[in-house]
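[1] Please work out how this folds:
(chains A and B)
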Amino acid sequence: MSIDWAALGQVFGVTLVVTVGIVGLFTLGIVGTSRKPHQEGEAVAAAGPGGAARAGAYACFALCAAAVAYGIYLIVAA
Amino acid sequence: MEHITLLIGIVIVTALVFDFTNGFHDTANAMATTISTGALKPKAAVAMSAALNLLGAFLSVEVAKTISGGIIDETAGIRPEVIFAGLVGAIVWNLVTWLAGLPSSSSHALFGGLIGATLVSVGTNGVHGDAVVMKVLIPAVAAPIVAGLASMAATRLTYRLARDRAEEDTAKGYRAGQIASAALVSLAHGTNDAQKTMGVITLALITGGVVAPHADPPLWVIASAGLAIALGTYLGGWRIIRTMGKGITDIQPPQGFAAQTGAAATILASSHLGFALSTTQVCSGSVMGSGLGRKGGVVRWSTAGRMAAAWVLTLPAAGLVAAGAALLADQGDWGIAAVAVLALAVCGVIWMLSRRKPVDHSNVNEGPAAEPAGVVTAALQAVAPPPAGPVATEPATAPAIPAPAMAEARLTDPVGAAPVIADPVTADPVAAHPHGTHGTHEKHGTKRRAKAGSAAG
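    Alright, predicted model coming up:
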């Protein structure tokens, strides 16, 4: 009986990298599109994100969408 | 089709029933956290999952050539009776775990049932022991660890990255992401699990000489398997959804997103790299991981322990039931009839028991069933006081947390908020917890009312 440690390790590695990567990207997207933190006692209303931040955030979301598309491809092709 | 004997007909019907239980047993995998974070309304969540399961059944062209992935030797004289007995074992175990609200692997139940029936009818040479270890035992240990660690890391990361953002700003994004991940899980589930049933039916048709060996499943087989799993999913295993969405830990949108993404990544990575992990165990593991990843998050280990016990028991229990069924079915026609009648009776009894304390879409989010779990957690906390810091205040209010969290989640939806909040307060029957929980209950109620008041004001 041989346990396929290589396959198990591979699954673990890929899962960890993909999960953390996608969640990280998506979170950056959320951070980029949400309002800046609102300081206590500050009179100004919370500012919206700048153009660059917004563009970066959309790039993050696009990468996540690509990952989902690849996931669907894996399901269909499996 | 005119050559389908009564026995093969029975096997097909039984396989579809198994498929149905598989569907409602596994709705929780994709949708439990989606429902508990409020990303989707319960009904909408199960409808989406059902549609994707149905779609998934049609997506893959790869035929499930071996129903058991090489665990049993399908050439060693497997007859329709054996398949029938195995299916009965799997169905009964699925229903028992559903009644207990425990997520357990439907695939393992099917494997267990087939192994048990094969052992009795064919003997030990019909079962590949190595394959059992490789395909069942090791994945069962690995799945929650792999998915759990990935989700825990992802949860930590997402809370860190978004730490200076207001919760109400990010919740919408997290929910959208979570829905996408949940959709992937549903799709993958439909492809994998509906295929299993198709494989079973096709095998039965082959043994009966209705279709040629190695033939593709006929379209009606694909359609009926897809429909059965989708119907099961739509009816929703609300008990299991409640355990996974509320019972293991209290899930907030970032955690739900991290858990669901971790689950989707694990399932796709594992099936693509040829080390198939059980969907159920992956999803349970990732929910636990997300519970551990949040600061102040509490994993209810008593619930997790009961789940682990169910996982350990799945294979032998389904096997035992199936072995008994196989023993009876081997006696001839009357034996098969007896198995069918007994199986129906057991299903009926379980269904009646479930009606005593029904769980459905209206009360699925009402926190963990506060019965024995509460007692056990209380005892655990009394024995081992948790570390200082923010966690220290947690145990006392632990049972009360789900409610305000829920209320907050629902408050983002101003129209729906009032009735939803009013509902649990009145619908929380003190009678359901006759002893000792009055204190927490009152706290519960007032907290909720306070929330509702502040929201209205």
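[2] C-alpha from now on. contacts and neighbour counts both.
    OK.
[3] ok, now how distant is B:Thr14 from chain A?
    27 Å (CA to the nearest CA, to the nearest Å).
[4] do the same with B:Ala50
    For B:Ala50, the distance to chain A - CA to the nearest CA - is 17 Å.
[5] what do you get for B:Ala338?
    For B:Ala338, the distance to chain A - CA to the nearest CA - is 39 Å.
[6] I'd assumed that residue was in a helix, is it?
    Yes. Checked against DSSP: H, G, I helix; E, B strand; the rest coil, B:Ala338 lies within a helix.
[7] Against B:Ser106, how distant is it?
    Distance, B:Ala338 to B:Ser106, by CA to CA, to the nearest Å: 24 Å.
[8] Compare the two and say which is more crowded by neighbours.
    Using other CA atoms under 10 Å in any protein chain shown, the more surrounded residue of B:Ala338 and B:Ser106 is B:Ser106, with 26 against 16.
[9] My read is that the more buried one contacts B:Phe24, right?
    No. Counting by CA atoms under 8 Å, B:Ser106 does not reach B:Phe24; the two are 10.2 Å apart.
[10] Show me what counts as buried in stretch B:20-39.
    Using 16 or more other CA atoms under 10 Å in any protein chain shown as the test for burial, stretch B:20-39 gives B:20-39.
[11] Just the CA trace of that stretch, in PDB.
    Extracted in PDB, the C-alpha atoms of stretch B:20-39 (Å, rounded to 0.1, in the frame of the first residue of the first chain):
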ATOM      1  CA  PHE B  20     -32.200  12.800  -4.200                       C
ATOM      2  CA  THR B  21     -30.900  12.300  -0.600                       C
ATOM      3  CA  ASN B  22     -27.400  13.200  -1.900                       C
ATOM      4  CA  GLY B  23     -28.800  16.500  -3.200                       C
ATOM      5  CA  PHE B  24     -30.500  17.600  -0.100                       C
ATOM      6  CA  HIS B  25     -27.700  16.300   2.100                       C
ATOM      7  CA  ASP B  26     -25.200  18.300   0.200                       C
ATOM      8  CA  THR B  27     -27.000  21.600  -0.300                       C
ATOM      9  CA  ALA B  28     -25.300  22.700   2.900                       C
ATOM     10  CA  ASN B  29     -21.800  22.400   1.300                       C
ATOM     11  CA  ALA B  30     -22.400  25.200  -1.200                       C
ATOM     12  CA  MET B  31     -25.100  27.200   0.500                       C
ATOM     13  CA  ALA B  32     -24.800  27.000   4.300                       C
ATOM     14  CA  THR B  33     -22.500  29.900   4.700                       C
ATOM     15  CA  THR B  34     -24.100  31.800   1.900                       C
ATOM     16  CA  ILE B  35     -27.400  31.600   3.800                       C
ATOM     17  CA  SER B  36     -26.000  32.300   7.200                       C
ATOM     18  CA  THR B  37     -24.100  35.500   6.200                       C
ATOM     19  CA  GLY B  38     -27.300  36.700   4.400                       C
ATOM     20  CA  ALA B  39     -25.600  36.800   1.000                       C
END
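[12] Indicate whether that stretch makes contact with chain A.
    No. Counting by CA under 8 Å from any CA of the partner chain, no contacts exist between stretch B:20-39 and chain A, the nearest distance being 15.0 Å.
[13] I'd like the average pLDDT over stretch B:84-101.
    Mean pLDDT, stretch B:84-101: 92.
[14] For B:Gly126, give me the pLDDT.
    On the pLDDT scale, B:Gly126 is placed at 81.
[15] And the closest residue to it other than its chain neighbours, how close does it get to B:Thr170?
    Spatial nearest neighbour of B:Gly126, chain neighbours left out: B:Asp73 (5.0 Å); criterion: CA to CA, 6 or more residues apart in numbering or on different chains. The gap separating B:Asp73 from B:Thr170 is 52 Å, by CA to CA.
[16] wait, doesn't B:Thr202 sit right on B:Leu219?
    No. With contact defined as CA under 8 Å, B:Thr202 does not count as touching B:Leu219 (11.0 Å).
[17] Which one of the two is surrounded by more residues?
    B:Thr202 (29 against 10).
[18] out of everything not next to it in sequence, what's closest to the more buried one?
    Per CA to CA, 6+ apart, closest to B:Thr202 is B:Pro217, 5.7 Å.
[19] helix, strand or coil for that neighbour?
    B:Pro217 ends up coil, using three-state DSSP.
[20] Return the backbone torsion pair for it.
    phi -60, psi 140 (degrees, to the nearest 10).
[21] So for B:Val425, what pLDDT did the model give?
    40.
[22] go on, B:Cys283?
    pLDDT, B:Cys283: 92.
[23] likewise B:Val287?
    The model reports B:Val287 with a pLDDT of 92.
[24] Is it correct that it falls within a strand?
    No. Under the criterion used here (three-state DSSP), B:Val287 is helix, not part of a strand.
[25] what about it, how many residues close to it?
    So B:Val287, with other CA under 10 Å, has 35 neighbours.
[26] From A:Thr15, how far out is it?
    15 Å.
[27] Could you do B:Arg175 as well?
    21 Å.
[28] now swap in B:Asp250 and tell me
    24 Å.
[29] So what does B:Val127 have for phi and psi?
    phi -120, psi 130.
[30] Can you tell me the closest non-neighbouring residue to it?
    Nearest one to B:Val127, counting by CA to CA, 6+ apart, is B:Ile72 at 4.4 Å.
[31] Please apply the same query to B:Gly89.
    B:Ala322 (4.1 Å).
[32] Give me the buried stretch members for the one helix or strand the one you found maps to, please.
    Using DSSP states H and E, B:Ala322 sits in helix B:301-329. Counting neighbours by 16+ other CA under 10 Å, one finds that the buried residues in helix B:301-329 are B:301-304, B:307-308, B:310-329.
[33] Check which helices and strands it is in contact with.
    Here helix B:301-329 touches helix B:80-99, helix B:106-121, helix B:333-356, helix B:372-383, going by 3 or more CA pairs under 8 Å, 6 or more residues apart in numbering or on different chains; DSSP states H and E.
[34] and residue 26, what element?
    The chain I'm using is chain A. Element membership for A:Phe26 (DSSP H and E) is helix A:5-33.
[35] ah, I was thinking of chain B
    Element membership of B:Asp26, judged by DSSP H and E, is helix B:6-36.
[36] what's the next helix or strand after that helix packed up against?
    Sequence-wise, the next helix or strand downstream of helix B:6-36 (DSSP H and E) is helix B:42-59. Counting contacts by 3+ CA pairs under 8 Å, 6+ apart, helix B:42-59 packs against helix B:6-36, helix B:167-207, helix B:219-235.
[37] Buried residues, the shortest one. List them.
    Using 16+ other CA under 10 Å as the test for burial, helix B:219-235 gives B:221-235.
[38] So for whatever helix or strand comes next after that helix, mean pLDDT?
    Sequence-wise, the next helix or strand downstream of helix B:219-235 (DSSP H and E) is helix B:238-242. Averaging pLDDT along helix B:238-242 yields 89.
[39] what's the answer for stretch B:293-309, then?
    Rounded mean pLDDT across stretch B:293-309 is 88.
[40] Pull it out as PDB, backbone CA atoms only.
    Output of stretch B:293-309 as PDB, limited to C-alpha atoms (Å, rounded to 0.1, in the frame of the first residue of the first chain):
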ATOM      1  CA  GLY B 293      -9.000  32.700  11.400                       C
ATOM      2  CA  ARG B 294     -11.100  35.500  12.800                       C
ATOM      3  CA  LYS B 295      -9.900  37.100  16.000                       C
ATOM      4  CA  GLY B 296     -12.400  36.300  18.700                       C
ATOM      5  CA  GLY B 297     -14.000  33.600  16.500                       C
ATOM      6  CA  VAL B 298     -15.200  30.600  18.300                       C
ATOM      7  CA  VAL B 299     -15.400  27.100  16.900                       C
ATOM      8  CA  ARG B 300     -17.900  24.900  18.700                       C
ATOM      9  CA  TRP B 301     -15.700  21.900  19.100                       C
ATOM     10  CA  SER B 302     -18.600  19.800  20.400                       C
ATOM     11  CA  THR B 303     -20.400  20.200  17.100                       C
ATOM     12  CA  ALA B 304     -17.200  19.600  15.200                       C
ATOM     13  CA  GLY B 305     -16.700  16.500  17.300                       C
ATOM     14  CA  ARG B 306     -20.100  15.100  16.500                       C
ATOM     15  CA  MET B 307     -19.400  15.700  12.900                       C
ATOM     16  CA  ALA B 308     -16.100  13.900  13.000                       C
ATOM     17  CA  ALA B 309     -17.800  11.000  14.700                       C
END
